[in-house]
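> A predicted structure for the sequence below; I have some questions about it.
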Amino acid sequence: MTKATVIHFPKYLDPNGVLCVYESGQQVPFDIRRIFTVSAMGGDIRGDHAHKQCSQLLVCVSGQIRVVCDDGLAFTYHLLDSMNIGLLVPPGIWAREEYMTDGAVLMVLCDRGYEADDYIRDYNDFKTFIGL
């Protein structure tokens, strides 16, 4: 089973601010087909599902978000708190995003467009999908 992987993006500082680059085939290990953002209040939970085929690259562009990844056998915990750090979540990993700060913003880069039937929203269905 493939695990979630941390990716570090180039970060360019200048007196006016910070620039980070997310480029298909370079820093992003797939062709980007969809991008969306999610914001929530501190204490909120988002995600809480897996995908059958879609890979997602999660980047917190503001605030702090803890991502809990579950491969059916073990949990890993990842704190996203900088826009130059991303978490690549492959298909078959259950991911839950815990918003640690009010108004935190998560940017999600996907290798597939939206497909409702790609989502696994029931944990028992997830365990069946991964063969447990």
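Received, thanks.
> Which stretches in the protein count as helices?
123-129 (DSSP state H).
> What ranges in it fall below the confidence cut-off?
Within the chain, the set of residues satisfying pLDDT under 70 comprises 1.
> Dead centre of it: give me the residue that sits there.
Leu58 (2.8 Å; C-alpha atoms, centre = their mean).
> excluding its backbone neighbours, what's nearest Thr2?
Spatial nearest neighbour of Thr2, excluding adjacent residues (C-beta to C-beta, 6 or more residues apart in numbering): Pro90 at 4.3 Å. Every residue, glycine included, has its C-beta placed from N, CA and C.
> Run a quick neighbour tally on the one you found.
Neighbourhood size, Pro90 [other C-beta atoms under 10 Å]: 19.
> tell me the contacts of it?
Pro90 makes contact with 2-4, 55, according to C-beta atoms under 8 Å, 6 or more residues apart in numbering.
> from those, which would you call buried?
Neighbour-count burial (16 or more other C-beta atoms under 10 Å) applied to the contacts of Pro90 gives 4, 55.
> which of the contacts of Pro90 lies closest to Asp117?
Ser55 (16.5 Å; C-beta to C-beta).
> hang on, the earlier thing: which two of the contacts of Pro90 have the greatest separation?
Between any two of the contacts of Pro90 (C-beta to C-beta), the greatest distance is 12.4 Å, for Lys3 and Ser55.
> returning to what we had before: present the contacts of Pro90 as CSV; the columns should include distance to Asp44.
CSV is the format used below for those (distance: C-beta to C-beta, whole Å):
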residue, distance to Asp44
Thr2, 28
Lys3, 25
Ala4, 21
Ser55, 24
